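> test case, fold it:
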Amino acid sequence: MGEGEGFPGALSAGVAVLVVTLLAVVGPPLGLSPWWITLLVALALGTLTLDAARFGGRGGHLLAETLPGGSLRLRRIAVHEAGHCLIAAREDLPVKRVLVGSLACLQAGLASGGCTEFDPPTSAKLPLEQLRRWSRVLQAGMAAEALLYGESVGGSDDRALLGRIWGLSGHDVDTAQREQRRARREVDQWLRQQQPQLEAEAELLLRQAPRLGRVAALATDPAPPAA
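Numbering: from 1, shown residues only. The predicted structure is shown next:
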């Protein structure tokens, strides 16, 4: 389940176009040589090419996570993934791995800001109780964000996967929407009751998250038990 960011490449390209346009407009009046403008344009294009080839267009996110304040961005991702982890433990759904941050995802070959991976459902058409179970787990990241930040900015991948699971279930749309709302209410209520545990799990994931310029901290403390 991904944290759900969608357009790092487009954002980087837009910033580069803006910088080039500003240079072309204000450069000559400021006496900036056309050769310098050409060089800066080439550097900008080269940086975009390197970013796309080496970092999958996520270079801006890697930089943002490295700069002062980057831990705030990573903490929100950690909160999202911690929600998945806690509800998965409650539902007895084993977690394969948890990745927090663009660097961790790139090292795993994923173009995302964060990810919690599970074994896929054993069948395309799940019984109703299994659908409810997956509905709780898939919405837990968004619920955790909303609890601690007031809203969720991640989770587009979670919503898409949840839609596909219910789409294959054979149930009608009204049933799917009703069950998903019910699952979200259950998750919201449980996470509110377990907020200290959610925050502790998020802090543990944050300490383990790698960033450019430092390695991930080794986890010396045991993960808080899932109640």
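> ok, L74 - contacts?
E65, V100, G101, L206, A209, R211 (CB atoms under 8 Å, 6 or more residues apart in numbering). C-beta: built from backbone N, CA, C; applies to glycine.
> per-residue confidence at the fourth one?
Predicted confidence (pLDDT) at L206: the value is 93.
> name the nearest residue to it, sequence neighbours excluded.
Closest residue to L206 in three dimensions, ignoring its sequence neighbours and counting by CB to CB, 6 or more residues apart in numbering: A78, at 4.3 Å.
> ok so that neighbour is a strand residue?
No - counting by DSSP: H, G, I helix; E, B strand; the rest coil, A78 is not part of a strand but helix.
> what's the burial count for it?
The tally of other residues near A78 (other CB atoms under 10 Å) stands at 28.
> with L93 instead?
The number of residues packed near L93 is 17, by other CB under 10 Å.
> let me know the secondary structure of it.
coil.
> doesn't S135 make contact with it?
No - counting by CB atoms under 8 Å, L93 stays clear of S135, with 11.9 Å between them.
> this protein: helices as residue ranges?
8-26, 34-55, 59-66, 70-90, 102-107, 128-149, 156-167, 173-193, 195-208 (DSSP state H).
> can I get the contacts of L74 in CSV with distance to T122 and neighbour count?
Shown next, in CSV, are the contacts of L74 (distance: CB to CB, whole Å; neighbours: other CB atoms under 10 Å):
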residue, distance to T122, neighbour count
E65, 36, 25
V100, 28, 32
G101, 31, 30
L206, 33, 21
A209, 31, 24
R211, 36, 19
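> ok, of the residues you listed, which one's closest to C115?
V100 (8.5 Å; CB to CB).
> need the contact list for the closest one.
Contact partners of V100, counting by CB under 8 Å, 6+ apart, are L74, I77, A78, E81, G114, L205, L206, Q208, A209.
> same question, R76
Taking CB under 8 Å, 6+ apart as the test, what R76 contacts is E145, Y149, V153, G154.
> looking at those, which has the most residues close by?
Top of the contacts of R76 by neighbour count (other CB under 10 Å): G154, with 24 neighbours.
> I'd assumed A78 was in contact with it.
No - taking contacts as CB under 8 Å, G154 lies outside contact range of A78: 11.1 Å.
> okay, and the common contacts of these two?
In contact with both G154 and A78: G114, using CB under 8 Å, 6+ apart.
> residues in contact with the residue nearest to L206?
Per CB under 8 Å, 6+ apart, neighbours of A78: V100, G114, A202, E203, L205, L206, A209.
> from these, which single one is nearest V187?
Nearest to V187 out of those is A202 (CB to CB; 15.7 Å).
> how many other residues sit next to the closest one?
25.
> residues in contact with it?
R75, A78, V79, E81, A82, A144.
> do you know how far it is from G170?
37 Å (CB to CB, to the nearest Å).
> same question for K96.
Remark: distance between K96 and G170 (CB to CB) = 28 Å.
> give me the below-cutoff pLDDT ranges for the chain.
1-64, 66, 68, 212-227 (pLDDT under 70).
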